[in-house]
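1. What follows is a protein structure lacking sequence information:
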């Protein structure tokens with residue numbers, strides 16, 4: 001058993017049972033964005049969360065410790081290189097990344113936005129020209145040391 005196998009089983013059960021990520025998030029008391037990333041193998045669950053996930057997705061008890069192990073994040077390079085949604089996100093960072101960096105430095109100084117102390121919110125906004133995807137990235141500012 002490994003995280004890849006567990007992720008496949010979670011997704012299969014989600015589809016088969018018609019479970020939404022929002023439902024799973026509500027059951028665990030966390031955001032849908034975080035629980036989706038965790039169920040896809042990108043985050044480690046607490047022991048209590050791992051037990052609930054195993055129950056929700058009909059996983060064997062042996063899966064619980066695996067759900068708690070630190071993952072190797074960002075390992076699916078094939079999906080990153082070919083999925084159209086991921087490609088558009090890369091395009092956004094390619095086009096707007098330098099401007100975002102410049103604006104962060106202007107507002108906060110020399111530093112970075114944390115990807116560890118980080119929140120992501122994905123929402124839908126109605127628009128007469130077609131519904132909009134709203135991504136809110138909220139990361140702690142981490143200044144570079146001055147000496």
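-> In hand now; what should we look at? The structure displayed is predicted, hence computed values, not measured ones.

2. in the protein, which spans are helices?
-> 3-17, 21-28, 32-39, 47-56, 63-67, 77-82, 84-108 (DSSP state H).

3. May I see the buried residues of the longest one?
-> Residues of helix 84-108 classed as buried: residue 104 (neighbour count, 16 or more other CB atoms under 10 Å). All C-beta atoms are positioned from the backbone trio N, CA, C, and that covers glycine.

4. Is it possible to get a markdown table of the helices of the chain that adds mean pLDDT and distance to residue 147?
-> Conversion of these to a markdown table gives the following (pLDDT from 0 to 100; distance: least, CB to CB, whole Å):
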| stretch | mean pLDDT | distance to residue 147 |
| --- | --- | --- |
| helix 3-17 | 94 | 40 |
| helix 21-28 | 96 | 42 |
| helix 32-39 | 94 | 36 |
| helix 47-56 | 98 | 40 |
| helix 63-67 | 96 | 42 |
| helix 77-82 | 65 | 37 |
| helix 84-108 | 90 | 18 |
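
5. Look through this structure and tell me its longest strand.
-> Using DSSP state E, we find that the single longest strand of the chain is strand 111-125.

6. Which residues are in contact with the residue nearest the centre of the chain?
-> The chain has residue 37 as the residue nearest its centroid, 3.5 Å off, counting by CA atoms, centre = their mean. When contacts are counted by CB atoms under 8 Å, 6 or more residues apart in numbering, residue 37 touches residue 43.

7. dump the residue contacts of the closest residue to residue 34 other than its chain neighbours.
-> The spatially closest residue to residue 34, leaving aside those adjacent along the chain, is residue 43, at 6.5 Å (CB to CB, 6 or more residues apart in numbering). Listed by CB under 8 Å, 6+ apart, the contact set of residue 43 reads 34, 37, 71.

8. follow-up on the earlier one: mind putting the helices of the chain in a markdown table, distance to residue 137 included?
-> Below are the helices of the chain laid out as a markdown table (distance: least, CB to CB, whole Å):
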| stretch | distance to residue 137 |
| --- | --- |
| helix 3-17 | 23 |
| helix 21-28 | 18 |
| helix 32-39 | 10 |
| helix 47-56 | 23 |
| helix 63-67 | 25 |
| helix 77-82 | 18 |
| helix 84-108 | 9 |
